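[1] structure here, sequence nowhere to be found:
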């Protein structure tokens, strides 16, 4: 082990002497520190802001005066999704999907307030989140530091001297590998601090440890790639060009090809086409605001038979409220059908794109990171479903109030006597509080397993590459 530690120390001394590696290392560390600090402040602010808005939205809904219950259906309500503690490092899809939804009757609105949708096309590169730095830029920094680890020994002729003096090739490579991994760990250190800070905000220690472990494995993989290429190359220039080419392929081209391939292999209709399909289905239901519509004739006959009366004026319930309930239920079933179809299409595309983790470690660590952090597409879909359940429950509760509390004749005469067609504001308490939380630690860990296996495969590939490099150097 003394020979390995000596080689590691010599490598660090060389980097310190040349200044270039030291400068790159300092830049990498500063970028990750600044990025982690900025994102921590932003996420802390976003958490408090969304919690405040959620409370304010609920308070505004409850404080509304006496109204017609259907006015409150259209008054609506906002729900907000607070970021998970690990989103300070890995914001995942949150920047693209939105974190707030306006809930109202007869409609399923999309999530809004997504940073990326409101920014230019270069935001992905201008928003230097810790995850982006570690997934894309840190491998480049490792390349800049270590591309000449073995080739400079070849060019200087010192490699042959060390071999003839009995230096074990594995010791040589492992010593330089430890030095290179050490530089990556220094750039990883701000993430480690941020991850364990997330545990103080309620995140599971098992999750944060797994999160850090995944990125450590990613550093080990890229350090191995750099050393393998340097060991197989004859010149510094060849090693550098090869590694930069691999970085472009692995970190830029293949992830982009993956997303484009997913859109081709699992196509989904555009918004206009989807909206027309929904509209065609909804047209068959009839207008829930018009109780005399032929679409509700069967409902009316069934109610008259059920209560043994001759006309709707004699019903013990408000027929207009019953129509509103019936219409909302049918409408929601159609909206949910199309919503689930759209989410399934999105998920299929995401799963196809994630398979490219077998081809590039960058996609593997990105998928692993989002799953562990609770910022994946599946989490966003669960937010949409929970928000929709809240929307349907509170709309139907108001429709129940409309049906049971408001007299039918008074309701029909509401335009002449608006005050009489109002119900007490105490009825607005049908709205339930909304609090969205990420999946449990065990669920997130289970979802991350396939992507961790992708990283392990890359670790095995790198080990085989190093063995091949040792064989070539020994010849």
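    The structure has been received and is ready for your questions. Because the structure is predicted, anything quoted here is derived from the model rather than measured.

[2] this protein: strands as residue ranges?
    For the chain, strands defined by DSSP state E occupy the ranges 77-80, 100-104, 107-108.

[3] distance to residue 347 and mean neighbour count added to those, as JSON lines?
    From N, CA and C alone the C-beta is placed, and that goes for glycine too. Below are those laid out as JSON lines (distance: least, C-beta to C-beta, whole Å; neighbours: other C-beta atoms under 10 Å):
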{"stretch": "strand 77-80", "distance to residue 347": "22", "mean neighbour count": "23"}
{"stretch": "strand 100-104", "distance to residue 347": "19", "mean neighbour count": "20"}
{"stretch": "strand 107-108", "distance to residue 347": "18", "mean neighbour count": "16"}
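
[4] out of the ones you listed, which comes closest to residue 51?
    Residue 51 lies closest to strand 77-80 among these, at 7.6 Å (C-beta to C-beta).

[5] summarise which helices and strands the helix ranked longest in the chain is packed against.
    For the chain, the helix with the greatest residue count under DSSP state H is helix 20-62. If contacts are counted by 3 or more C-beta pairs under 8 Å, 6 or more residues apart in numbering; DSSP states H and E, helix 20-62 sits against helix 2-18, strand 77-80, helix 130-132, helix 138-146, helix 169-199.

[6] same thing but at 10 Å, please
    On a contact count with 3 or more C-beta pairs under 10 Å, 6 or more residues apart in numbering; DSSP states H and E, helix 20-62 meets helix 2-18, helix 69-75, strand 77-80, strand 100-104, helix 130-132, helix 138-146, helix 169-199.

[7] any low-confidence regions in the protein?
    Scanning the chain for pLDDT under 70 picks out the ranges 1, 112-127, 417.

[8] hmm, try it at 50
    Residue ranges of the chain with pLDDT under 50: 116-126.

[9] quick revisit: mind putting the helices and strands packed on helix 20-62 in TSV, distance to residue 446 included?
    TSV is the format used below for the helices and strands packed on helix 20-62 (distance: least, C-beta to C-beta, whole Å):
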stretch	distance to residue 446
helix 2-18	37
helix 69-75	39
strand 77-80	27
strand 100-104	27
helix 130-132	21
helix 138-146	27
helix 169-199	20
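
[10] residue 329 is nearest to which of those?
    With C-beta to C-beta as the criterion, residue 329 lies closest to helix 69-75 of the helices and strands packed on helix 20-62, at 13.5 Å.

[11] next, the buried residues of that closest one.
    Residues 69, 70, 72, 73 are the ones in helix 69-75 that count as buried (16 or more other C-beta atoms under 10 Å).

[12] again, but for stretch 302-318
    Neighbour-count burial for stretch 302-318 flags 303, 304, 312, 315, 317, 318 (criterion: 16+ other C-beta under 10 Å).

[13] go on, stretch 191-210?
    Neighbour counts over stretch 191-210 (16+ other C-beta under 10 Å) mark 191, 192, 194, 195, 197, 198, 199, 203, 204, 207, 208, 210 as buried.

[14] I'd say residue 177 and residue 221 touch.
    No - contact criterion C-beta atoms under 10 Å: residue 177 and residue 221 do not qualify, at 11.5 Å.

[15] which residues are common contacts for those two?
    Counting by C-beta atoms under 10 Å, 6 or more residues apart in numbering, the residues touching both residue 177 and residue 221 are residue 462.

[16] before we move on, the earlier item: in CSV, list the buried residues of stretch 191-210 along with distance to residue 348.
    Converted to CSV, the buried residues of stretch 191-210 look like this (distance: C-beta to C-beta, whole Å):
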residue, distance to residue 348
191, 31
192, 35
194, 33
195, 31
197, 36
198, 31
199, 34
203, 30
204, 29
207, 27
208, 30
210, 26
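
[17] nearest to residue 406, of those residues?
    Among the buried residues of stretch 191-210, and counting by C-beta to C-beta, the member closest to residue 406 is residue 203, at 47.7 Å.

[18] residues contacting the closest residue to residue 227 other than its chain neighbours?
    Once flanking residues are discounted, residue 227 sits nearest to residue 177: 5.3 Å by C-beta to C-beta, 6 or more residues apart in numbering. The contact partners of residue 177, by C-beta under 10 Å, 6+ apart, come to 4, 7-8, 11, 146, 149, 170, 220, 223-224, 226-228, 462, 466.

[19] buried ones only from the residues you listed, please, as a PyMOL command.
    A single PyMOL command suffices to select whichever of those are buried according to 16+ other C-beta under 10 Å:
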select buried, resi 4+7+8+11+146+149+220+223+224+226+227+228+462+466
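
[20] nearest to residue 384 among the contacts of residue 177?
    Of the contacts of residue 177, the one sitting nearest to residue 384 (C-beta to C-beta) turns out to be residue 220, at 37.1 Å.

[21] for that closest one, what are its contacts?
    Contacts for residue 220 (C-beta under 10 Å, 6+ apart) come out as 177, 180, 181, 184, 185, 455, 458, 459, 462, 463.

[22] from memory the last one sits against residue 225, does it?
    Just to be clear, that refers to residue 463. No - contact between residue 463 and residue 225 fails when scored by C-beta under 10 Å: they sit 11.2 Å apart.
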